[in-house]
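Trainee: return atomic coordinates for the entry below.
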Amino acid sequence: MVKRITYSAISLALTVIFLYAATVFSTGRIAALGLASLLCGICVSRFGVRYGITLYIGASILSLLVLPNKMFALLYVLFAGYYPIVKLYIEKLQKLWAEWILKILFFNLTLALIYIIVKLFFAPLLTSVLPLLVLHYVVLAVIVMQVIFVIYDWALSYMIGYYDQFLRRISHD
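Mentor: Numbers count the residues shown, from 1 in each chain. As a prediction, the model looks like this:
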């Protein structure tokens, strides 16, 4: 039990650090967000969904409280933080075509929710050119995001699988 709590606490701290890195560095922001998401996936793989949900909730609250720029905290809260848990349940279907349909449908519904939230609450506050361009060229942005999502999903599966096969053996579990 102590090992699970310690591992979850370290994962929580690293998640917030990765999210902080996404807000302060100008490059590698999506990679940092992906690494924050990966930690939840590894926690779920190692200890179960309950620990993954706890990590997600804790990281969401902390990131919203301490990060100077809330954009990546919101992306984590609205999608990247809990997606590894959703992915686990979708992949229990064991039918690749159905899994991809559900994953892409889920991603697009989440993307629509994020778009609505940004348009309603944050569009007047945006000063950067990139978010404004994304809002103006939404169709092209959605197509690009589909490709990024597929790469993200594949990379998440690969890294969790790598952890399960090799790194867990090294850590004597």
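
Trainee: mind listing what's buried along stretch 89-107?
Mentor: The neighbour-count check on stretch 89-107 (16 or more other CB atoms under 10 Å) flags Ile90, Glu99, Leu102, Lys103, Phe106, Phe107 as buried. (Each C-beta comes from the backbone N, C-alpha and C, glycine too.)

Trainee: can you tell me which of these is closest to Ala22?
Mentor: Minimum distance to Ala22 across the buried residues of stretch 89-107 is 19.1 Å, recorded for Phe107 (CB to CB).

Trainee: after the helix or strand that contains Thr6, which helix or strand is next?
Mentor: Following DSSP states H and E, one finds Thr6 within helix 2-24. As assigned by DSSP H and E, the chain's next helix or strand after helix 2-24 is helix 29-47.

Trainee: could I get the average pLDDT for that following helix?
Mentor: Averaging pLDDT along helix 29-47 yields 93.

Trainee: what angle separates it from helix 2-24?
Mentor: Angle of helix 29-47 versus helix 2-24, following axes from the mean of the first three to the mean of the last three CA atoms, to 10 degrees, is 170 degrees.

Trainee: dump the residue contacts of Leu19.
Mentor: The contact partners of Leu19, taken as CB atoms under 8 Å, 6 or more residues apart in numbering, are Ala32, Leu33, Ala36, Ala59, Ser63, Leu67, Phe72, Ala73, Tyr76.

Trainee: can you rerun that using 6 Å?
Mentor: The contact partners of Leu19, taken as CB atoms under 6 Å, 6 or more residues apart in numbering, are Ala36, Ser63, Phe72, Tyr76.

Trainee: tell me the least confident of those residues?
Mentor: Among these, Phe72 has the weakest pLDDT, 90.

Trainee: which one is Ala59 nearest to, not counting chain neighbours?
Mentor: In this structure, Ala59 finds its nearest non-sequential neighbour in Thr15, 4.2 Å apart by CB to CB, 6 or more residues apart in numbering.

Trainee: what of Leu19?
Mentor: Nearest non-adjacent residue to Leu19 (CB to CB, 6+ apart): Ser63, at 4.7 Å.

Trainee: burial of that neighbour, as a residue count?
Mentor: The number of residues packed near Ser63 is 26, by other CB atoms under 10 Å.

Trainee: mind listing what's buried in the helix or strand containing it?
Mentor: Ser63 is located in helix 49-66, with elements delineated by DSSP H and E. Neighbour counts using 16+ other CB under 10 Å place Tyr51, Gly52, Ile53, Thr54, Leu55, Tyr56, Gly58, Ala59, Ser60, Leu62, Ser63 of helix 49-66 among the buried residues.
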